[in-house]
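Peer 1: turn this into a model:
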Amino acid sequence: MTPRERTGRLIVLAVVAVLLGGCVVFFVWDAVQMANAVTLRRAGGLLRNVAFTGIGFTVLIAMVRRGNPAVRWVLPAATALFAAGIIGTAVWMTTLDYPNATTPEERAAMQKDDRDNLPVRILQGAFPLLVTLPLFLPHARDYLAYRRRETVGDQPPAV
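Peer 2: Numbers count the residues shown, from 1 in each chain. This next block holds a predicted model:
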């Protein structure tokens, strides 16, 4: 393995580790919030999210181990959709009128809270996207090509 491929390995592993860490933080936060209002429906939703994320990361790790070049494009594309969803929802929430508010002061406080949280939500959406951008570096491409060569070398000859 060349130094450039080693650097690519570090890039790919760092991207996967940061995204996995973000998911763990999200699930812990969701579990803490669920403890405040325990319902079977929320627990089922948390378990469903953990299961789908586990399946997604299993597929991602398998793709990295095989050196699939699509990792360099699929992961940033998926995180771009994720970021667009978070940022779009945050911007949309700043436009809500809150018809359930009992007083105009309560409505104004809810809208102010949404506007105050907007920069944090934008960062929460942009961070995963920024983390995946190093996958476009040639070092990551070289590492995935190395993994592809190694995976093909491990296969028994075709009969």
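Peer 1: ok, the residue nearest to the spatial centre of the chain to Asn100 distance?
Peer 2: Residue closest to the mean C-alpha point of the chain, counted by CA atoms, centre = their mean, is Leu19 at 5.1 Å. Computed as CB to CB, to the nearest Å, the Leu19 to Asn100 distance reads 36 Å. From N, CA and C alone the C-beta is placed, and that goes for glycine too.
Peer 1: for Leu81, same thing?
Peer 2: From Leu81 over to Asn100 the distance is 30 Å, taken as CB to CB.
Peer 1: neighbour-wise, which of the two wins?
Peer 2: A direct count of neighbours by other CB atoms under 10 Å for Leu81 and Asn100 places Leu81 higher, at 11 against 8.
Peer 1: can you classify that one by secondary structure?
Peer 2: The three-state label given to Leu81 by DSSP: H, G, I helix; E, B strand; the rest coil is helix.
Peer 1: from Asn49, how far off is it?
Peer 2: Leu81 sits at a distance of 16 Å from Asn49 (criterion: CB to CB).
Peer 1: tell me how far the helix or strand hosting Gly85 is from the chain's mean position?
Peer 2: Using DSSP states H and E, Gly85 sits within helix 71-93. Mean-position distance between helix 71-93 and its chain equals 9 Å (CA atoms, centre = their mean, to the nearest Å).
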